[in-house]
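>>> Quick check, what structure comes out for this input:
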Amino acid sequence: MGNDVDNPLIEGEIADYVLTDAGILISYSKSIMRTVENISVNVALVKKITNNKKVPLLIYLKNSPVPDKETRKFSTEQLPNIYTAMAMVSKPGLAQLIMKILFKLQKPPIPIKSFTDDEKAKEWLKQFL
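The predicted model follows:
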């Protein structure tokens, strides 16, 4: 997958990011409350990192407070604008909980899969490059 160790860590309010040489964006989630405002800022940050190109996202999830309904709706609407697919890596159960919260009533707007193994997550994301 290239030599990603030289790629800079870009810090954001709700997550820190590394764009791999292969073109997968890695997100290190932070345990803070998501709001429409900080998600808007984060979408702009992701677009800057990726030069407005939709990319697959590998996200390392952390426990964080459940956002309000408006924020969940906004977040779901933004996903297809910046990502081609999302692989969520977490302890068993956490990703499933987030999926239930975010996509309770409708299916996800992009392919999303949860993993406990990040190598399997990267392999799955390669098809969306």
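
>>> Report the buried residues of the helix or strand of the chain with the lowest mean pLDDT.
Ranking every helix and strand in the chain by mean pLDDT, DSSP states H and E puts helix 94-102 at the bottom, with a mean of 77. The neighbour-count check on helix 94-102 (16 or more other CB atoms under 10 Å) flags L94, A95, I98, L102 as buried. All C-beta atoms are positioned from the backbone trio N, CA, C, and that covers glycine.

>>> what's the following helix or strand after it?
If you walk from helix 94-102 toward the C-terminus, the next helix or strand you reach (DSSP states H and E) is strand 112-115.

>>> that older thread, what's the least confident helix or strand of the chain packed up against?
helix 69-82, strand 83-89, strand 112-115 (3 or more CB pairs under 8 Å, 6 or more residues apart in numbering; DSSP states H and E).

>>> got these as JSON lines, with mean pLDDT columns?
Shown next, in JSON lines, are the helices and strands packed on helix 94-102 (pLDDT from 0 to 100):
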{"stretch": "helix 69-82", "mean pLDDT": "95"}
{"stretch": "strand 83-89", "mean pLDDT": "96"}
{"stretch": "strand 112-115", "mean pLDDT": "91"}
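
>>> Deepest-packed of those, please.
Burial of the helices and strands packed on helix 94-102 is given as mean neighbour count (mean count of other CB atoms under 10 Å); strand 83-89 ranks first at a mean of 22.

>>> ok now it, how far from the chain's centre?
In terms of CA atoms, centre = their mean, to the nearest Å, the centre of strand 83-89 is found 6 Å from the chain centre.

>>> Check stretch 68-88 too.
For stretch 68-88, the distance to the chain centre is 8 Å (CA atoms, centre = their mean).

>>> V43 - how many residues pack around it?
16 (other CB atoms under 10 Å).

>>> and what of A15?
22.

>>> So Y28: helix, strand or coil?
strand (DSSP: H, G, I helix; E, B strand; the rest coil).
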